[in-house]
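**Q** Compute the structure for the input listed below.
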Amino acid sequence: MENISIVNSSKPLAAGLFAGYCSTFFCKLRGLMFRKSIPADWGLLLVEPKDSIVNTSIHMFFVFIDLGVIWINDDGEVVDLCVAKKWVTIKAPNKPARYILEVSPSRLAEFKVGDQISFVR
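**A** Predicted coordinates:
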């Protein structure tokens, strides 16, 4: 899995943030299941072909940690965010998104709806 750098053009991040680029069905299905922790400087970027609410909904089955979840549309705009609690079944964005960035909940405060996000390989 390729790691990419996450850039918040609206507000500089407190520290570097990298994410695994996850675009295949099985990578997205597994997501962060069975992990016991997630580093503060790393996350997982789940990528869909186009903006959608249904296709960017996530499940928390077998996810043993809380996650900070940031939904980003095709224009790079944050459209929703939340803390997804471990084992809570389904979370969906309020607006269509193409990308789901899953990070440590400690990083969630660095993002807000309307921020412009870019990904650097």
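
**Q** Just the mean pLDDT for stretch 16-32, thanks.
**A** Average pLDDT, stretch 16-32: 94.

**Q** So what does residue 26 have for phi and psi?
**A** Backbone torsions for residue 26, taken as degrees, to the nearest 10, come to phi -70, psi -30.

**Q** what helix or strand does the spatially most central residue of the chain sit in?
**A** Nearest to the geometric centre of the chain sits residue 101, at 1.2 Å (C-alpha atoms, centre = their mean). Secondary structure assigned from DSSP states H and E places residue 101 in strand 97-103.

**Q** Just give the strands next to that strand in its sheet, each with its orientation.
**A** strand 42-52 (antiparallel), strand 67-72 (antiparallel) (DSSP bridges).

**Q** Convert the C-alpha atoms of that strand to PDB, please.
**A** Extracted in PDB, the C-alpha atoms of strand 97-103 (Å, rounded to 0.1, in the frame of the first residue of the first chain):
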ATOM      1  CA  ALA A  97     -17.900  12.400  -0.500                       C
ATOM      2  CA  ARG A  98     -15.300  10.500  -2.500                       C
ATOM      3  CA  TYR A  99     -12.600  10.100   0.100                       C
ATOM      4  CA  ILE A 100     -12.800   8.800   3.700                       C
ATOM      5  CA  LEU A 101      -9.700   9.700   5.800                       C
ATOM      6  CA  GLU A 102      -9.500   7.600   9.000                       C
ATOM      7  CA  VAL A 103      -7.100   9.000  11.600                       C
END
